[in-house]
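In: Just the structure for this:
(3 chains)
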Amino acid sequence: MPLDQSAKPNGFSKVGTRPLRPDGIDKVTGRARFGADMNAPGMLIGKVLRSPHAHARIRSIDASAAEALPGVKAVVTAADFADRQDEFRDVLVNIMARDKALYDGHAVAAVAATSTAIARKALALIKVDYEVLPHVIDVEAAMRPDAPILHETLVTKGVEPKPTKPSNIAARLEFGHGDVAAGFAQADVVIERQFRTEATHQGYIEPHACLASVGGDGQGELWVCTQGHFMVRDTCAALLGMDISKLRVTASEIGGGFGGKTTVFIEPVALALSRKAGRPVKLVMSRAEVFRASGPTSSTSIRVKMGIRKDGRITAGEAELKYQGGAFPGSAVEMGAMSAFACYDLENVHVVGYDVVTNRPKQAAYRAPGAPMSAFAVEGVVNELAERIGMDPIELRLKNAAKEGTRSAYGPTFGPIGLIETLKAIKSHPNAKKKLGPNQGRGVACGFWFNFGGQTSVSLNLNIDGTVALAVGTPDIGGSRASMCLMAAEELGIPYDRVRAVVADTSSLGFNDVTDGSRVTFASGLATIKAARDAVRKLCARAAAMWGIPEDAVVWEEGAARPAGPNAGSFPPLTLREIAAMAPKTGGPIAGHCEFNAENAGPSFASHLVDVEVDPETGRSTVLRYLIAQDAGKAVHPAYVEGQFQGGAAQGVGWALNEEYVYGADGRLQNPGFLDYRIPVASDLPMIDTVIVEVPNPGHPYGVRGVGETSIVPPLAAVANAVSHATGIRLTDLPMSPPKVLAAIEAQRMAKAAE
Amino acid sequence: MAARHIKTTINGDAVEFVCEADEALLDVLRDRLALTGAKEGCGTGDCGACSVMLDDRLVCSCLVLGMEAEGRKIETIEGMAQGGDLHPLQRKFLEHAALQCGICTPGFLIAAKALLERNPDPTETEVRFWLAGNLCRCTGYDKIVRAVMDAAAELKEARHAA
Amino acid sequence: MVQVRLGGTLQSYSGGRSSFEVEGATIGQILAGLGEACPRLKPLLEQGVAVAVDGEIYRGSLLHPVSPNAEVFILPKLAGG
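Out: Got it, this is the predicted structure:
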């Protein structure tokens, strides 16, 4: 029986409200268990030895002294992981160096010992013979023909004829439509600018942590903080040569991910140590290890050229994006390239991208991977175009905004989207009319993210007392369990607090793709709705059987089965609780299921408006007001939708004003800690104003769109445009930290004095 | 220095443990006493996720040695609720959705409680600067600040009513 | 026959050609047909691509039906964070 996907006819009674989240008490009392909060009898402590060199050949590793140290139960190196040449190869080498250390912090060995102190001593006893090689850190430097080469077998993809010499340029990509040369010829104003952004880190407060336990029979248990425990299971099983069914992974509560926990770093190592030692092994990264050896973003060098007519119509957009993704290919330049001009209706667009490798840790996703940097560049030029033709920056965007039916800059035609609604929302907001004082400036920027669906499995089981056990498979990184319960309660017609949602382990549910792509409320939510509707059909069938009438003569309304009409019979309604109570005697347990590949996630657009004040004596920028308008399709739990908007904006502010990876001449990371990698603190930010726009996504019965990622796309440009407005200087290098802004102010002062 | 037997008070209970000279109080709480509410976010006193009260003073437990607990009074997040009754701050954090992943929440609650015990009527700026030692990466702090100010208002009401 | 356009960045692998006419009634058949028409694309298609049909992005639905006048774009595999 096909499931009915029609939207709710009479409005929602639970979806759209703001109840307390089901994991809330645990999180405010310290009861919630995160990655490092689990212990096991006989547990060993694991520690990783990491390369102090940015680039070095590993001639030999002698771990004999470490193995002989009392208390040490296992030592592993690359030799403990079978080599492979498939899609897992890069991960394999990243988690444990093979013939070369490719970055400062690259894992070269690991130990498991009976205490932290002994594990540390053991690391110091491992003798690694390194042949230090020249290294390269900067993206442009890595592209030069004389740059030190990381991989002798890496040749540039996407170049004809296929090159023979190895390169650090892993791929060259190109796309577009129309004719940009003709477009520029039609323009009255053409602006071309060069931008640079530095690598940043997702900055989750919880370091990577796991507890691995492999028994003598080869069965493994893994407790881990992750955005995707099914991904962890499958990847670790592959790297350890285990059947997938032999490994059960349980997702702990997770203390932040933002994309940085959508891959593995220490998990295969912990499992290998446990297998070798025959005891559970707890492996936790230190904060310094997180910065040096997990997955920061790419640093970039971007050139953007745009042309515009005096009437405000953009005629052409061109961009060249150079992204370095650390020591392995895969820098998110593709998505940066595709999203760069996505907010605009352009006849002529051309983008070229380069995916470059350098001696830095392998990049991982960070909330809309690739997009914040390209938006920073494009939105900066759009603002300059507006200034040049004397048009308001919001008006300019309204005039060129993508809407339903627009051919997107990356190819497909857009369905219903909410960009214009978000622009109108900020235009009419009181913040847009506030007067600016001296040294203050205002910046506007737009952003976009594709949003994804993915493989999703949900199981919804009715308990005999009429309560509901809802098992989802997507770790809850932002409060999604509350939204799942709201949707289940809405469909079943029962109170919200009668539904309990848990994140089930990998042995208890079908496969689930990772929590990423802003997909959980959309995909797990859609699966929850489908599973609930599946349960409702079964409840109706059970009631029909109990009444002795045909199944299609029963409807579900307000939490109860009812005869469809007076002809069906005059039975009093049977509530969910009543049917569930009789279930053991009427056919057995009742459950609803959904296992599917969610598609049709709708993109989410946003507009941000920022006011900053720049202190001309220190170069310090203070954010005075921050306004976000973003399209959520349908906000299931508005407080958590607002939270996503605010959190992404705060990360963007940090990226724009302070955060950066600082490397020394020796290629070593100089600021692997929260003191010198300065993320925004409470005193850096004002209250963050939010407007939830709702242009329903036709691909979801409630209209839900993912919201988690788009929020980080506009802030880099919005803040840069505001700082530029405040200082009268166009800043094109991120972060706009006080020393850089001050230097630019002084340079401007001197240039003016010289006139 | 050899390991020592330490006697202290945690959340009102007499507690004893043995620890090494170089063990931080944070590690003692988490690994020896199974009080995992305090978290290690950085180990260097920069993030505040390990915040506890030591003799009524707000400290980063990663910067305090386990042995320094001898004869002193410690309060952790596990002691904030009175049985089943949440402290107003805990309630307000939930009501205002002032947590997303929740890893920083214990540290913020301990720090906010310390603030309100010293300054029962803080301004928004005072709240922000007091909490500047607690990092949150998820929320942007907006709802956290609202929750603290709302809790302060509720506690003020309760005092006037009493 | 369905007109299939290479969106995103796949044109680099097709020698700049951005449009192909391909036989197929499902996403899977169209990808197979595209691989035949442009062998250099085949390994990439097998690794995994996203397919936009009438503006909706599909990342794994090989059996999804495609009507002859649908707008079809092949895009690189996309992932979030």
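In: residue boundaries of the strands in the stretch 201-350 of chain A?
Out: Assignment of strands within the stretch 201-350 of chain A using DSSP state E, counting those that start in this stretch yields the ranges A:209-214, A:220-224, A:247-251, A:281-284, A:299-308, A:314-324, A:349-356.
In: meant to ask about chain B, not that
Out: B:4-10, B:13-19, B:51-54, B:57-60, B:73-75 (DSSP state E).
In: Out of the strands of the stretch 201-350 of chain A, which is closest to chain B?
Out: Each of the strands of the stretch 201-350 of chain A has some distance to chain B by CB to the nearest CB; the shortest is strand A:281-284, at 7.8 Å. All C-beta atoms are positioned from the backbone trio N, CA, C, and that covers glycine.
In: Tell me the helices and strands packed up against the closest one.
Out: The helices and strands touching strand A:281-284, judged by 3 or more CB pairs under 8 Å, 6 or more residues apart in numbering or on different chains; DSSP states H and E, are strand A:44-50, strand A:209-214, helix A:267-277.
In: among those, which is nearest chain C?
Out: Here helix A:267-277 is closest among the helices and strands packed on strand A:281-284 (CB to the nearest CB), at 18.5 Å.
In: so how far is that closest one off the chain centroid?
Out: 27 Å (CA atoms, centre = their mean, to the nearest Å).
In: what helices or strands is it leaning on?
Out: Counting by 3+ CB pairs under 8 Å, 6+ apart, helix A:267-277 packs on strand A:44-50, strand A:72-76, strand A:107-113, strand A:209-214, strand A:220-224, helix A:229-240, strand A:281-284.
In: how about the second one as CSV, C-alpha atoms only?
Out: What follows is strand A:72-76, C-alpha atoms only, in CSV (Å, rounded to 0.1, in the frame of the first residue of the first chain):
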residue,chain,number,x,y,z
VAL,A,72,52.4,-1.8,27.5
LYS,A,73,50.0,-4.4,26.0
ALA,A,74,50.1,-3.5,22.3
VAL,A,75,51.9,-1.3,19.8
VAL,A,76,50.6,-0.7,16.2
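In: does any part of the helix or strand that that strand is followed by sit near chain C?
Out: The first helix or strand that comes after strand A:72-76 along the chain, using DSSP states H and E, is helix A:89-95. No - judged by CB under 8 Å from any CB of the partner chain, helix A:89-95 and chain C are separated, with a smallest distance of 13.0 Å.
In: In helix A:89-95, which residues are buried?
Out: A:91-95 (16 or more other CB atoms under 10 Å in any protein chain shown).
In: hmm, back to that, tabulate the strands of chain B (a markdown table), appending mean neighbour count.
Out: As requested, the strands of chain B are arranged in a markdown table below (neighbours: other CB atoms under 10 Å in any protein chain shown):
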| stretch | mean neighbour count |
| --- | --- |
| strand B:4-10 | 16 |
| strand B:13-19 | 13 |
| strand B:51-54 | 24 |
| strand B:57-60 | 19 |
| strand B:73-75 | 20 |
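In: between those, which gets nearest to A:R18?
Out: strand B:51-54 (27.8 Å; CB to CB).
In: I'd like to check what contacts the closest one. Which residues are they?
Out: The contact list for strand B:51-54 (CB atoms under 8 Å, 6 or more residues apart in numbering or on different chains) reads B:25, B:29, B:38, B:58-61, B:64, B:68-69, B:72-76, B:106-108, B:110-111, B:113-114, B:133-134.
In: Emit the ChimeraX select command for whichever of these are buried.
Out: A single ChimeraX command is used to select the members of those judged buried by 16+ other CB under 10 Å:
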select /B:25,29,38,58,59,60,61,64,69,72,74,75,76,106,107,108,110,111,113,114,133,134
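In: could you dump the helices and strands packed on strand A:281-284 to a markdown table with mean pLDDT and mean neighbour count?
Out: As requested, the helices and strands packed on strand A:281-284 are arranged in a markdown table below (pLDDT from 0 to 100; neighbours: other CB atoms under 10 Å in any protein chain shown):
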| stretch | mean pLDDT | mean neighbour count |
| --- | --- | --- |
| strand A:44-50 | 98 | 24 |
| strand A:209-214 | 98 | 27 |
| helix A:267-277 | 98 | 26 |
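In: Out of those, flag the one nearest A:V662.
Out: strand A:44-50 (18.3 Å).
In: Show me the residue sitting in the middle of chain B in space.
Out: Most central in chain B under CA atoms, centre = their mean is B:I110, positioned 2.5 Å from the mean C-alpha point.
In: Show the pLDDT at it.
Out: Looking at B:I110, its pLDDT is 98.
In: now A:D80
Out: 97.
In: Would you confirm that it contacts A:K276?
Out: Yes - using CB atoms under 8 Å, A:D80 is in contact with A:K276, at 6.9 Å.
In: Same list (the strands of chain B) but as CSV, adding mean pLDDT and distance to A:K310.
Out: Shown next, in CSV, are the strands of chain B (pLDDT from 0 to 100; distance: least, CB to CB, whole Å):
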stretch, mean pLDDT, distance to A:K310
strand B:4-10, 98, 72
strand B:13-19, 98, 74
strand B:51-54, 98, 58
strand B:57-60, 98, 59
strand B:73-75, 98, 67
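In: To A:A601, which of the ones you listed lies closest?
Out: strand B:51-54 (38.7 Å).
In: and the closest one, which strands flank it?
Out: strand B:57-60 (antiparallel), strand B:73-75 (antiparallel) (DSSP bridges).
In: Would you reformat the strands of the stretch 201-350 of chain A as TSV and include distance to A:I118?
Out: Formatted as TSV, these follow (distance: least, CB to CB, whole Å):
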stretch	distance to A:I118
strand A:209-214	18
strand A:220-224	22
strand A:247-251	28
strand A:281-284	13
strand A:299-308	38
strand A:314-324	38
strand A:349-356	41
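In: Ok, which of the ones you listed comes nearest A:M484?
Out: strand A:247-251 (14.6 Å).
In: export the buried residues of helix A:89-95 to CSV and tack on pLDDT?
Out: Listed next are the buried residues of helix A:89-95 as CSV, based on pLDDT from 0 to 100:
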residue, pLDDT
A:V91, 98
A:L92, 98
A:V93, 98
A:N94, 98
A:I95, 98
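In: Next, the contact list for the closest residue to B:K7 other than its chain neighbours, please.
Out: Leaving aside its chain neighbours, B:K7 sits nearest to B:E16 (5.2 Å; criterion: CB to CB, 6 or more residues apart in numbering or on different chains). B:E16 makes contacts with B:5-8, as judged by CB under 8 Å, 6+ apart.
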